[in-house]
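Fold the following.
(4 chains)
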Number of protein chains: 2
Amino acid sequence: MTHPLRQHIEEVINLTDEEFDFVLSHFVQINKRKHQYIVQEGEIVNKEYWIIKGCLKSYFVDNAGKEYILQFGMENWWITDYESFVKQTKSKTSIDCIEDSELLYISFENRDKLTAQMHKMERFWAKKSKIGRIALQNRILSLLKNSTKEKYDLLLEQYPKLFQRVPKKMIAAYLGVSRETLSRLNS
Amino acid sequence: MTHPLRQHIEEVINLTDEEFDFVLSHFVQINKRKHQYIVQEGEIVNKEYWIIKGCLKSYFVDNAGKEYILQFGMENWWITDYESFVKQTKSKTSIDCIEDSELLYISFENRDKLTAQMHKMERFWAKKSKIGRIALQNRILSLLKNSTKEKYDLLLEQYPKLFQRVPKKMIAAYLGVSRETLSRLNS
DNA sequence: AAGTCAATGTGACTTGCATCACTTCAAAGA
DNA sequence: TCTTTGAAGTGATGCAAGTCACATTGACTT
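Numbering: from 1, shown residues only, chains lettered A, B, ... in the order given. Below you'll find the predicted structure:
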C-alpha cells in the first residue's frame, strides 16, 4: 500500500520510490494521546507536523483565559505554529490533540536540507504555502462579511466531519462567538 | 540610484546588476489615476502588481453593495487577487487606486519563466508567500480576539501613514465595522 | 462663484451577541 | 457502581454596534 504521505505529496509533484524514501527519511513518527500537546505557547517551534491520523487544534489564549482557535487539523493536514517555525520566534499559540493522533514531523533543519537537495520538494511546499495563503484570505473575507449563522453553515458545508469529532464549544471558538450563541443558532 | 524594486528584492536575496536587469525585463510599468481599477471582479487575473508609488485597495462587494477591504497596498507592496492569479479562476475581488499610482506588473507567464530560469527568484517569492501567510494568520487572530477599538489602535500603530492617505470609511471597511461606529470610537 | 458630491460626525432606535446563572445529560475515572 | 467532570441547552439582562436620518464641511466640477 502506498504511504499516505506519498499520496499526499503526489497530488502536487511526482516522486520515484527512491525519492519518496529519501523524503520520508527526513521525517519522524510520533503518537500522542488526546489532551496532549505538540506545541506550547512561548516555545520556539522547530517542527512541522503532518497528521497521519487524529484531530488537533491550534489556539491562542487571551489574558481572560478565553480560547481562540486558529486552525483544526485532521488526516493529511499540516500543522504547526507557522510564524514561530518560519521566523524562529516564540510561539503565540499552542497545539493540542483533540483525539489520539499519529503524526509525522520534520525538523526545521531537515526541511532546509531536503528543500536544498530536492528542488521538487521546495516546489511542493511553495505550492502548499500558496494554497494555505488563499485559504486564510478566504477566512478573513468570511469573518468580515458573513453573519454568525452563515459562517457556521459554511464551515458545516466545508468540513462536515469536523462536527462529529470536536465539541461545539470548539466550533464556537473557531468562529469567534460564544458557545451559548452557537447553541442558539438553530432555534 | 538603485531601482526601488532592486532594493526590495535585495532585502531577501542578493542580485548582480545583470541579474536585476534580467528580472526587471520581465516587468512592465503602468501608471493609473485615482479611482481607476487594475483588477475587476469576475476576470481571471494574470498579473501581479508591485507598487512603486501610490495607494490601492483590494475589496469585495456583497449583494447589498457593502464593501469589505481585504488589503491596502502602498509603496513597495505586492498586490493582486492572489487566488485568481494562482488558480487562474475568476476573481472575487476588485482592486482600485485610492491615489494616482505608478505600478510594475509581471504576467503569470513571465513569473513562471523567471522562476524557472532563476532559482533565486523562486526563493524570493516563496519567502514573500511565507511572510504574507503569517500576516494573514495574525489578522485572523486579531479579528477573533480584539475589540473594535483594539483593532483600530493596532492598525494605527502598524500603519500610521495609512490614516493620512485613505478616508476613514475605508478603514472601517477594513476593520469590519460601520463607519458610524468607527467615528464614535474616540468619544 | 455656484452647485454637486463625498467625507465625517452625531442623535435615535433596534438588534445580535456576550455574559451570568442554572439545568440536564452523558462520559470518564475512582 | 458511584461520583465527578465536561458538553450542551436555555432563560434573563446589558451593552456594543448596526441602521437610518440628518447636518456640516470641504473638495472637485463646470
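
and chain A, which residues reach DNA strand C?
Within chain A, the positions lying close to DNA strand C (CB under 7 Å from any atom of the strand) are A:66, A:147, A:148, A:149, A:176, A:177, A:178, A:180, A:181. C-betas here are computed from N, CA, C, even on glycine.

Can you flag the buried ones in those residues?
For the residues of chain A next to DNA strand C, a burial check counting by 16 or more other CB atoms under 10 Å in any protein chain shown picks out A:148, A:177.

Just give me the closest of the residues of chain A next to DNA strand C to DNA strand D.
Using CB to the nearest atom of the strand, residue A:180 comes nearest to DNA strand D of those, at 4.1 Å.

if I look at the closest one, how far off is residue A:168?
Distance of residue A:180 to residue A:168, given as CB to CB, to the nearest Å: 11 Å.

before we move on, back to that, any chance of the residues of chain A next to DNA strand C in a markdown table, plus pLDDT?
Below are the residues of chain A next to DNA strand C laid out as a markdown table (pLDDT from 0 to 100):
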| residue | pLDDT |
| --- | --- |
| A:66 | 95 |
| A:147 | 97 |
| A:148 | 97 |
| A:149 | 97 |
| A:176 | 97 |
| A:177 | 98 |
| A:178 | 98 |
| A:180 | 97 |
| A:181 | 98 |
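
Make JSON lines from the residues of chain A next to DNA strand C and add secondary structure to it.
Converted to JSON lines, these look like this (DSSP: H, G, I helix; E, B strand; the rest coil):
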{"residue": "A:66", "secondary structure": "coil"}
{"residue": "A:147", "secondary structure": "coil"}
{"residue": "A:148", "secondary structure": "helix"}
{"residue": "A:149", "secondary structure": "helix"}
{"residue": "A:176", "secondary structure": "coil"}
{"residue": "A:177", "secondary structure": "coil"}
{"residue": "A:178", "secondary structure": "coil"}
{"residue": "A:180", "secondary structure": "helix"}
{"residue": "A:181", "secondary structure": "helix"}
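
what's the closest of the residues of chain A next to DNA strand C to residue B:136?
residue A:176 (15.5 Å; CB to CB).

Hmm, residue A:100 and residue A:33 touching each other?
Yes. Between residue A:33 and residue A:100 there is a contact under CB atoms under 8 Å: 5.3 Å.

Looking at those two, which is more packed in?
Neighbours per residue, other CB atoms under 10 Å in any protein chain shown: of residue A:33 and residue A:100, the larger number sits with residue A:100, 14 against 10.

can you tell me the residue of chain A closest to chain B?
At 3.9 Å from chain B, residue A:136 is the closest residue in chain A, using CB to the nearest CB.

can you pull the contacts of that residue?
Contacts of residue A:136 were listed using CB atoms under 8 Å, 6 or more residues apart in numbering or on different chains, and they are B:133, B:136, B:137, B:140.

where does it fall, phi/psi-wise?
Dihedral angles of residue A:136 (phi, psi; degrees, to the nearest 10) stand at phi -70, psi -40.

State the distance from it to residue B:147.
Counting by CB to CB, the separation of residue A:136 from residue B:147 is 22 Å.

Over to residue A:21?
Per CB to CB, residue A:21 is found 52 Å from residue B:147.

before we move on, what about residue A:44?
30 Å.

So what pairs up with the most centrally placed residue in chain A in the strands?
Among the residues of chain A, residue A:79 comes closest to the average C-alpha position under CA atoms, centre = their mean, at 3.1 Å. Per DSSP bridges, the residues bridged to residue A:79 are residue A:49.

just checking, it touches residue A:59?
No. Residue A:79 lies out of contact with residue A:59 (CB under 8 Å); the separation is 11.5 Å.

and for the two, which residues touch both?
residue A:95.

Strands along chain A, start to end?
Here chain A has its strands, by DSSP state E, at A:27-32, A:37-39, A:47-53, A:56-61, A:67-73, A:78-79, A:94-97, A:101-107.

now those strands as CSV including mean pLDDT and distance to DNA strand D?
Converted to CSV, the strands of chain A look like this (pLDDT from 0 to 100; distance: least, CB to the nearest atom of the strand, whole Å):
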stretch, mean pLDDT, distance to DNA strand D
strand A:27-32, 97, 17
strand A:37-39, 97, 15
strand A:47-53, 98, 20
strand A:56-61, 98, 11
strand A:67-73, 98, 11
strand A:78-79, 98, 20
strand A:94-97, 97, 11
strand A:101-107, 98, 17
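
These into CSV, with extra columns for distance to residue A:118?
Output for the strands of chain A, formatted as CSV (distance: least, CB to CB, whole Å):
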stretch, distance to residue A:118
strand A:27-32, 13
strand A:37-39, 25
strand A:47-53, 16
strand A:56-61, 27
strand A:67-73, 25
strand A:78-79, 17
strand A:94-97, 27
strand A:101-107, 12
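
Out of the ones you listed, which gets nearest to residue B:172?
Closest approach to residue B:172 among these (CB to CB): strand A:67-73, 22.7 Å.

mind listing what that closest one pairs with, with the direction of each?
When pairing is defined by DSSP bridges, strand A:67-73 lines up against strand A:56-61 (antiparallel).

And the contacts of the strand it pairs with?
For strand A:56-61, the external contacting residues (CB under 8 Å, 6+ apart) are A:38-39, A:41, A:49, A:67-73, A:79, A:81, A:92-98, A:101, A:166, A:170, A:173, B:141, B:144-145.

can you give me how far it is from the chain middle?
Centroid separation between strand A:56-61 and its chain, computed with CA atoms, centre = their mean, to the nearest Å, is 10 Å.

For it, list every residue counted as buried.
When burial is assessed from 16+ other CB under 10 Å, strand A:56-61 yields the following buried residues: A:56, A:57, A:58, A:59, A:60.

How about stretch A:121-141?
Quick answer for stretch A:121-141 (16+ other CB under 10 Å): A:121-127, A:129-130, A:132-134, A:136-137, A:139-141.

Let's see which of the residues you listed end up in helices.
If you go by DSSP state H, the buried residues of stretch A:121-141 have A:121-127, A:129-130, A:132-134, A:136-137, A:139-141 in helices.
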